[in-house]
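>>> Mind looking at a prediction? Sequence and model below.
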Amino acid sequence: MNSSMTRRQFVIGAATVSSYALAARQVPMPTTSSSALQRVLVRADDEIGLVRPEFHGHFAEHLGSCVYGGLWVGPNSKIPNTNGYRTQAVNYLKELGVPVLRWPGGCYADDYHWRDGIGPRESRRKTVNIHWGGYVEDGSFGTHEFIGLCRLIGAEPYLAGNVGSGTPEELRNWIEYCNQPSGSTLAEERAKNGSPEPFRVKYWGVGNENWGCGGNMRPEVYADHFRRFAVYVREFGGTRPFMIASGPNGNDARWTRGFLDGLTGGRPDAIGMHFYEGGGFVDVATNFTVEHMNAQLAQYQLVEDAIIQQRALIDGYGGNRGPRRIGLMLDEWGVWDRIPAEDERKYGKLWMQSTMRSAVAAGLGLNVFNRQADKLYMCNIAQIVNVLQSLLLTDGPEGEHCVRTTTYHAFSLFKPHRGKTAVRTETPDAPAMQPGFVRGAPAGPSPLSVSASISKPGGELVLSLVNPRADADMQIDCTLRGTSPKSATAQILHDNDLNAANTFDQPDRLTPKSHPVRVEGGRVLLDLPRLSVATVTVQTA
């Protein structure tokens, strides 16, 4: 995560939006009751690719109260905990299923030295978090604690290595410490620190945002660093490292091309692109206007375009086919709203509420990943607790509240897609995107329309639908080609108020509920109210 992104992009976005609205001005909610027919064509016999569980990956950085006070409260805390992990957070994450968890950053990764976080907690080195608030880290949550959390919630660990201020030796030794079964000094040190069994960490990031907070490098310079570090990223104990290179900020072809041009060896297994949907950084999460919501949600078309274009760019390099194909990852993604200073003072840096708008945004992103399943390897939303578009919100290291956000519930609605095969969908009624729409809120109706994706196992189809409109309900008429529906059930997350949220006082205001759906001939029919995310499970003949 780029610590300068909020200030820089907020200024740019605010200047753009000021031409048509005052910053954070609240406008009346739409009162129209229009209903639009939206056709969806499902081509069940036209397969795209596997919906990898890793598309639902997550990210935890030492930032604000994501780790300390969020995931970790310490074993001596009055807050109910399991060996220091907040029990309610663990239970919620285990229930949802977290396929992969990335740590310790973000910007923090390129200033983190792993030896500061091992050994007896009381003797660990205290360091200053230079990227996020300048507070002192006591090192109590380190490698062993992170692996312990992953095992509790069933996640595959993903460690981001330090390239910006670290050395190849440091990264190489971290891998040996984690993965060597026994016999070496580092393996014996791990055993002495309480883990005789190796951690078998597969995923290793070679730096993070090295175009920004990871060193402000040019792509050619980062390619030199990557080649040097990659020499020492080796297999220990039968666990082959999966190397992830620092990819572009958004759809920056110059970065990707400069990096790939600079590689003469040590190819990465994947490249991690970062793409945040800011929408101008004008409104705080619970005070969005309809215009600014439309501008933010329209950026998901840019996300989909970036995936398509970056995939084509990477594939254009020789030898990038079959088993040696470099994977494309969306290593950080999600909405990034303006953060109230009062919330940061109370709960930590970048603490952000998740609303009905946020859930719609999550649904749009997850639908994109399904539709582009053949082009992606992993996607990690930022972040898992308290920071930005989080799954859970807590009220700090002294507070016992732990709330499932609307984004958590959006992910739960998409969970049935994991491990299935995505197939083609068409939405012929969707309007064309207006030029320049994402840079401001133009006059006239929103160009946003129904978003859909579908996957299939044997005798079942899973269809996810998102209505991002604040001014129109939809009547969905879904025709299936290549299969015949017998029956269907549906779950929906919905609220007419785009700023509605689950709070500490109302933790379950928005939760998925059963929703009417019917089958007629070869069609699936349902009403999709404004601002909603729905998943339909169709039993087929």
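Structure received.
>>> is K456 in a bridge, and if so with what?
K456 has these beta-bridge partners by DSSP bridges: T421.
>>> Next, the contact list for it, please.
By Cβ atoms under 8 Å, 6 or more residues apart in numbering, the contact set of K456 is 44, 420-421, 423, 462, 483. The C-beta positions use only the backbone N, C-alpha and C, and glycine is treated the same way.
>>> switch the cut-off to 7 Å
Shown in contact with K456 (Cβ atoms under 7 Å, 6 or more residues apart in numbering): 44, 420-421, 423.
>>> and the gap between the residue positioned nearest the centre of the chain and A245?
The residue lying closest to the centre of the chain (Cα atoms, centre = their mean) is I381, at 1.1 Å. Distance, I381 to A245, by Cβ to Cβ, to the nearest Å: 20 Å.
>>> what's the answer for G399, then?
Applying Cβ to Cβ, the value for G399 to A245 is 39 Å.
>>> Next, the residue nearest to the centre of the chain: secondary structure please.
strand (DSSP: H, G, I helix; E, B strand; the rest coil).
>>> for it, what are its contacts?
Contacts of I381 (Cβ under 7 Å, 6+ apart): 58-59, 333-334, 389.
>>> what about the helix or strand where G365 lies, distance to the chain center?
Taking DSSP states H and E as the criterion, G365 maps to helix 356-371. Centre-to-centre, helix 356-371 and its host chain are 10 Å apart (Cα atoms, centre = their mean, to the nearest Å).
>>> For that helix, name the packing helices and strands.
helix 290-297, helix 299-315, strand 327-335, helix 406-414, strand 451-456, strand 460-467, strand 532-540 (3 or more Cβ pairs under 7 Å, 6 or more residues apart in numbering; DSSP states H and E).
>>> Name the residues of it that come out as buried.
356-371 (16 or more other Cβ atoms under 10 Å).
>>> domain assignment for this structure?
The chain breaks down by automatic domain parsing into domains covering 8-15+34-47+423-540, 54-418.
>>> so can I have JSON lines of the ones you listed showing mean pLDDT?
Shown next, in JSON lines, are the domains of the chain (pLDDT from 0 to 100):
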{"stretch": "domain 8-15+34-47+423-540", "mean pLDDT": "83"}
{"stretch": "domain 54-418", "mean pLDDT": "95"}
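>>> which one of the ones you listed is the most hemmed in?
Highest mean neighbour count among the domains of the chain (mean count of other Cβ atoms under 10 Å): domain 54-418, with a mean of 20.
>>> gap between the two ends of it?
8 Å (Cα to Cα, to the nearest Å).
>>> Name whatever forms a beta bridge with the residue nearest to the centre of the chain.
In beta-bridge terms (that is, DSSP bridges), I381 pairs with H58, W333.
>>> now the helices for the stretch 1-150 of the chain?
Ranges of helices in the stretch 1-150 of the chain, per DSSP state H, counting those that start in this stretch, are 5-17, 87-96, 143-153.
>>> check contacts around D45.
Per Cβ under 7 Å, 6+ apart, neighbours of D45: 481-482.
>>> do you know how far it is from T421?
D45 is 11 Å from T421, by Cβ to Cβ.
>>> Would you confirm that L528 contacts V536?
No - L528 lies out of contact with V536 (Cβ atoms under 7 Å); the separation is 9.9 Å.
>>> For the stretch 201-350 of the chain, which segments count as strands?
203-206, 242-249, 270-277, 327-335 (DSSP state E, counting those that start in this stretch).
>>> what's the angle between the last one and strand 242-249?
Going back to what we said before, that points to strand 327-335. With axes from the mean of the first three to the mean of the last three Cα atoms, to 10 degrees as the basis, strand 327-335 and strand 242-249 are set at 50 degrees to each other.
>>> helices and strands around strand 327-335, which ones?
strand 270-277, helix 299-315, helix 356-371, strand 378-382.
>>> Next up, the contacts around D138.
D138 sits in contact with 124, 126, where contact means Cβ under 7 Å, 6+ apart.
>>> rerun at 10 Å
Each residue near D138 by Cβ atoms under 10 Å, 6 or more residues apart in numbering is listed here: 68, 74, 116-117, 121-122, 124-127.
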